[in-house]
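> attaching a predicted model along with its sequence, questions to come.
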Amino acid sequence: MTISLRKGKAMTRKLRLGLAGAVIAVAVSVGILSFQQPATSAPAPASVMTGGFQDRSNGAYLRIQLDSGHPGYGLFAVAIPGVGLLWPQAPATVSPESAQSIQIRYGDAQGFLQSQALLDTEFGVNYQPSGPVQSITLRLVGQVDPDHKTGSIELWVNGTHYHLGVVAVPQTASASVNAYLTALSAGDWATLYQISDDSLKNSINQADFVQQMAAAIGDGKVATATVNGTLIYTTSSAGVGYATVPISLVVTSGGSQSAHAGNLTLIFNGGQWRVLTVDFSS
Amino acid sequence: MKFLKRPQHFAALRRRLLRRWLSTAAAIALTMGGATGAVLHSEAAYAAGAITFDDSPGTSAPASTLGPYSMTPFSADAQAFGTVSSVSAPGGASVAFAPDVDHVQVGNGWATWSNGYAGDVYWTNGATSVTMTMPAGTKAFYFYAEPDPFATFDITATTQDGSSSGVIPVDGFAGASYFGFYASGSSSLETITVTSSVDFAIGEFGISQSASPQATILFLHGVDESYKDSLFAPLFQHIKDAVPGVSITHFEYFQDKADKAQSGGGCDAAADGQHAVALPSNLAGLPVDTSQNSPARCDSEGDIGQNAIRLDREIQDLYRQKGVKVILVGYSMGGETIRAFLSYSTQASDGVASGMVDSVVLLHGVEQGSWVAAAGGAVTSGASLVTENPFVGTAVSSLIGLFAPNPNRLATQEFNPFGGFIKWTDSQSTKLPDLPYYNTWGDERIVIHHCYLPFGHGCINTDVAHWGDMVLLPGSDNPTQTPLGGGERFLPNGFATNRWEWAEPYQVNWNPLTDPIQIGALSSLVGAPQQHTNYPNKQDSVTVADCRNGESVSVDTEIARVIVARLQGNLYACDLSQAKS
């Protein structure tokens, strides 16, 4: 469908997609209002939370102040699904062994537990402060690798033992990249939904997602979708694993074609690489 | 049939219709000949002195407000058709015409108008100018005007101080156009003179008069503030402009921060806020804690229970002094104090909440408590917890300092959402008096922008954090509930024409890859005007949806409209179709 001959076909297509995008934005905004469980977080300023890692088996995470010049040096927090948010009454003893190994030790000593706090097992940064804070006896022994955001700790809460450990981010994202490109080319929005991250799935159901994606692309189609570079793996300072890769798309619409380049970002979420977003530069 | 009942006007109508058709024919001829250009209708509103002109409705129906004023349309004119020298205005006074005008009606003596209006209009009877003299104390007035000929002619309206509409081209064929003037400060409208090069009709009047205020305002500030602080200045200025005689009292808490001695430190023992509250024999269950009554303190962090009783008594005093009910306006701790008073007064059956309060306006009030207060040490570990919770870092520590400056003081402890005070207040809110309730709350969110297609299409924003106004999480509309994280929402029994709640949205897009621990996102939220501690001085930067029509409006303007209507004995009737939960 041509909207304006004076503006040329490419511009016409762009305008049409723009309208569809606007519709999605409005629809999602409305949807947010009925979001089932508002996830409220407390902040985690870098000056306090310079170190830590995420246990990728269950999303548990350790955050610790490793800036020796900070008054909170050695303060830490641990989030364990099913247990809650834990933190100490005083800083842990921090003993740097090498650039890749810092030993930490706390207790047995007083700590605090907010068992009803809603934890963020995907990004390792959000939590909803909820429920009473109770005093506990806390013990922690372990080591972290600040450079690689890995580590291993043993934790005792009122005598009950927990283990958090992590290995380097698995370099296995290519399968998820291919799945994304295949789903895009096929217009298989249900599959795209399935391989997306939890934060998306917590906000929109599959049927609505499929409907909105179909409306967004309209009569357009992704003709080709290819990897255009090398996968790069990173671990954020929150200890979360990400993979990014350049991609290229050719989109056809209204008889015309356009090429687009972008960066696909995946997040290691729930033990799998999942699509987070794509940043299209053109 | 209608004309047969009024034979004397039937002939007149016939003459005028004939005259107008002739005028139309002439206008069409001129247009076809290219002598008449297109007419653009100005929608500009501009101020001249203390009187401002506004023609924004154009030929559409009049808005319910003009400037800051709630407008009251004139009722149907009971006078007989024919020559009249005045028309009755709402409230009993009248608008006088000079010279006299001919009272007619659209469809009965006057052929066309605009916006579907079919009521009384006043023809100049051949004259090209008429002056309307307003009732005393008129703050705003609007009218429509339409030339007699079926063609476009310029019309100008001018007030007594020379404030003018400028030249407004008005189509004589169903193009009756809106002219509105409103006065600010102590000035008022006295006369409006309407002129044109042809005869015309005026009608469809609306007015706002400054009668004696029908209520008085009592404002309650937040924790660590002084009753002498200038808070919500634009809001109160709007109200003073619209109702010059309004009385606004600032509540002095027991142990108010304003009680600091002028010199030598300490508190001024003579200050009213330093006098302990005499407790009634029947506390009706209200938790009261007198353990910090001495030594003297002046930090606005005293026991909210005692301040609820103090508020109960101040409302009684105001009611007796002013002879009108009290509009309670509370920010932050003021909201919780009002809520505690409502529960106490209701349980004590003292008749104050139910008989002396006009309405309640809560601005980011502590409704269900604050997680900051809980984190701030009102738990087992005391004050040290604030700094020892590593999740409470620099971004929010400043909020704690402002909102819960001393976790050992009673106010902070009584903000604790799982403390006894909040739980009592909310549990006793099952029988709140049937008052107009209005509430505003910050709706700050962190969202992720998920995109899958080029051009920014196929993007879906997903919420990852609902922060409320940061100090107060959203919580629940139900005043009897006490969510463990606390909350700022308050809408007993849901939306109604006289019961409303405004969400104040603000969202920041978060990129977890480049801002993994949300430093940038949180900084943005902390700086937002919706953020709790920014709100009293940045309220005019926050927009909400007008509860009447959904249009975007600054929240200070919206709340001022609500309060001004109450002061004028009216209701700012919200439209339920605009309700969004």
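Received it, and whenever you're ready, just let me know what you need.
> so where's the stretch 151-282 of chain A shaky on pLDDT?
The stretch 151-282 of chain A contains residues with pLDDT under 70 at A:167, A:282.
> return the residues of it in contact with chain B.
Counting by CB under 8 Å from any CB of the partner chain, the positions of the stretch 151-282 of chain A adjacent to chain B are A:184, A:192, A:196, A:199-200, A:202-204, A:209, A:212-213, A:216-217, A:222, A:234, A:236-238, A:240, A:242, A:244, A:249, A:251, A:258, A:260, A:262, A:265, A:267, A:275-280, A:282. Glycine gets a C-beta too; all of them are placed from N, C-alpha and C.
> for PyMOL, write a command that selects the buried ones of these.
Buried members of those, defined by 16 or more other CB atoms under 10 Å in any protein chain shown, are picked up in PyMOL with:
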select buried, chain A and resi 184+192+196+199+200+203+204+209+212+213+216+217+222+236+237+238+240+242+244+249+251+258+260+262+265+267+275+276+277+278+280
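> quick one: the strands in the stretch 401-550 of chain B?
Along the stretch 401-550 of chain B, counting by DSSP state E, counting those that start in this stretch, strands occupy B:437-451, B:459-468, B:499-509, B:543-545.
> do the third one and chain A come into contact?
No. On the criterion CB under 8 Å from any CB, strand B:499-509 is out of touch with chain A, staying 8.6 Å away.
> SS state for the nearest residue to residue A:190 once chain neighbours are set aside?
Ranked by CB to CB, 6 or more residues apart in numbering or on different chains and with sequence neighbours excluded, the top spatial neighbour of residue A:190 is residue A:210, at 5.5 Å. What DSSP: H, G, I helix; E, B strand; the rest coil gives for residue A:210 is helix.
> contacting residues for residue A:210?
Going by CB atoms under 8 Å, 6 or more residues apart in numbering or on different chains, residue A:210 touches A:189-190, A:193.
> kindly format the C-alpha coordinates of stretch B:85-95 as CSV.
The C-alpha coordinates for stretch B:85-95 follow below in CSV (Å, rounded to 0.1, in the frame of the first residue of the first chain):
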residue,chain,number,x,y,z
SER,B,85,-32.1,45.2,30.2
SER,B,86,-30.5,42.4,32.2
VAL,B,87,-30.4,38.7,32.7
SER,B,88,-30.1,36.7,36.0
ALA,B,89,-26.8,35.1,36.7
PRO,B,90,-26.2,32.0,38.8
GLY,B,91,-26.2,33.0,42.4
GLY,B,92,-28.9,35.6,42.2
ALA,B,93,-27.2,38.7,40.8
SER,B,94,-27.6,39.8,37.2
VAL,B,95,-25.7,40.9,34.1
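> and it, how far from the chain's centre?
Offset of stretch B:85-95 from its chain centre (CA atoms, centre = their mean, to the nearest Å): 28 Å.
> cool, stretch B:272-284 as well?
Per CA atoms, centre = their mean, the centroid offset for stretch B:272-284 relative to its chain is 33 Å.
> how about residues contacting that stretch?
Taking CB under 8 Å, 6+ apart as the rule, stretch B:272-284 contacts B:227, B:252-256, B:258-259, B:267-268, B:288, B:290, B:293, B:296, B:298, B:306-307, B:309-310, B:344, B:347-349.
> that stretch: end-to-end distance?
25 Å (CA to CA, to the nearest Å).
> repeat for stretch B:113-122
Rule used - CA to CA; the end-to-end distance of stretch B:113-122 is 12 Å.
> list the buried residues of it.
By 16+ other CB under 10 Å, the buried positions in stretch B:113-122 come out as B:113-115, B:117, B:119-122.
> per-residue confidence at residue 27?
Let's take chain A. With respect to pLDDT, residue A:27 has a value of 21.
> oops, wrong one, chain B.
At residue B:27, pLDDT is 34.
> now swap in residue B:345 and tell me
Taking residue B:345 on its own, its pLDDT is 97.
> quick check, it in a strand?
No. Under three-state DSSP, residue B:345 falls outside any strand and is assigned helix.
> tell me which element the closest residue to it other than its chain neighbours falls in.
Among residues not flanking residue B:345 along the chain, residue B:353 sits closest, at 3.6 Å (CB to CB, 6+ apart). Assigned by DSSP states H and E, residue B:353 belongs to helix B:352-355.
> CA atoms only for that helix, dumped as PDB, please.
C-alpha atoms of helix B:352-355 as PDB (Å, rounded to 0.1, in the frame of the first residue of the first chain):
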ATOM      1  CA  VAL B 352     -15.300  15.900  63.400                       C
ATOM      2  CA  ALA B 353     -14.300  13.900  60.300                       C
ATOM      3  CA  SER B 354     -17.900  13.300  59.300                       C
ATOM      4  CA  GLY B 355     -19.300  16.800  60.100                       C
END
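> other SSEs contacting that helix?
Applying 3 or more CB pairs under 8 Å, 6 or more residues apart in numbering or on different chains; DSSP states H and E, one finds that helix B:352-355 contacts helix B:304-322, helix B:333-348.
> and the residue nearest to residue B:219 when sequence neighbours are not counted, what element?
The shortest distance from residue B:219 to any non-neighbouring residue, by CB to CB, 6+ apart, is to residue B:329 (4.7 Å). Residue B:329 is part of strand B:325-331 when elements are defined by DSSP H and E.
> those residues of the stretch 401-550 of chain B touching chain A, which are they?
B:418, B:445-468, B:473-474, B:483-485, B:512-513, B:516-519, B:522.
> tally of neighbours for residue B:197?
Residue B:197 has 12 neighbours, counted by other CB atoms under 10 Å in any protein chain shown.
> surely it and residue B:128 touch.
Yes. Counting by CB atoms under 8 Å, residue B:128 is a contact partner of residue B:197 at 6.3 Å.
> beyond the lengthiest strand in chain B, next helix or strand please.
Ordering each strand of chain B by length in residues (DSSP state E) puts strand B:129-147 first. Once strand B:129-147 ends, the next helix or strand along the chain (criterion: DSSP H and E) is strand B:152-159.
> give the pairing partners of the next helix or strand after that next one; include direction for each.
Downstream of strand B:152-159, the first helix or strand assigned by DSSP H and E is strand B:168-171. Sheet pairing of strand B:168-171 (DSSP bridges) gives strand B:152-159 (antiparallel).
> now the partner strand: average pLDDT?
Mean predicted lDDT for strand B:152-159 stands at 97.
> show residues contacting it.
With CB under 8 Å, 6+ apart, strand B:152-159 has contacts from B:27, B:36, B:39, B:51, B:53, B:145, B:147, B:164-172, B:175, B:177, B:179, B:181, B:189-198, B:200.
> how about low-confidence regions in the stretch 301-450 of chain B?
For the stretch 301-450 of chain B (pLDDT under 70), the answer is B:374-405.
> just checking, what packs against the helix or strand hosting residue A:137?
Element membership of residue A:137, judged by DSSP H and E, is strand A:134-145. Counting by 3+ CB pairs under 8 Å, 6+ apart, the packing neighbours recorded for strand A:134-145 are strand A:51-54, strand A:61-64, strand A:84-88, strand A:101-114, strand A:150-157.
> nearest spatial neighbour of residue 88, chain-adjacent residues omitted?
Went with chain A since none was named. The shortest distance from residue A:88 to any non-neighbouring residue, by CB to CB, 6+ apart, is to residue A:111 (4.8 Å).
> right idea, wrong chain: chain B
Going by CB to CB, 6+ apart, residue B:88 has residue B:94 as its nearest residue, at 5.1 Å.
> hang on, the one you found packs against residue B:79?
No. Judged on CB under 8 Å, residue B:94 makes no contact with residue B:79 at a distance of 10.4 Å.
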